[in-house]
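1. Quick one: sequence plus predicted model below, questions after.
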Amino acid sequence: MTVTLRRAMLALLLFAALPLAAVRAEPLTIESGGEAHVFDVDVARTVAERGRGLMFRKEMAEDYGMLFDFGGEGEVSMWMKNTFIPLDMLFVRADGTIHRIAARTTPFSTQSIPSRGRVKAVLELKGGTAGRLGIAAGDVVRHEVFGNAE
């Protein structure tokens, strides 16, 4: 095979694999005050995905979020390094209950934002979303990560 033919075949294989590698947004619902708020979320399941998170994004849809799945419950800490937009961080227990909310976190801050308790996941939403929708500690997040999706 010539070098050109090999490169063309490799490019074709990579192009065909793109849909498999694309991140697919998943539905997530927060039950709060008798209302159901639906978001499309990307789920960060690997160390690399959790490490990158929402870094370098300069805008975010009102109904979008990122769910960081830590696998098991434990105390976790987040930060805002290389994050351009304020976020609401919802620290969520294994049963889907919101443990605490760090609202409107400061862009680019390297200050630790702790869970202050054992959680399974952190949901990041556009800054101000929790307050605007009345989402609070004790509300329930429904998603397959918590085994309570409907």
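-> Received it, and whenever you're ready, just let me know what you need. Residues are numbered from 1 along each chain as shown.

2. give me the element the most centrally placed residue in the chain is part of.
-> Computing the C-alpha centroid of the chain and ranking residues by C-alpha atoms, centre = their mean puts residue 66 first, at 1.7 Å. Using DSSP states H and E, residue 66 sits in strand 64-74.

3. buried residues in that strand?
-> Using 16 or more other C-beta atoms under 10 Å as the test for burial, strand 64-74 gives 64-70. (Glycine included, C-beta is placed from N, CA and C.)

4. What is the nearest of these to residue 150?
-> Relative to residue 150, the closest of the buried residues of strand 64-74 is residue 67; by C-beta to C-beta it sits at 16.2 Å.

5. list the contacts for that closest one?
-> 26, 28, 41-44, 121-124, 143, 145 (C-beta atoms under 8 Å, 6 or more residues apart in numbering).

6. which residues of the chain fall in strands?
-> 26-32, 35-44, 64-74, 77-78, 87-92, 98-102, 113-114, 119-126, 140-142 (DSSP state E).
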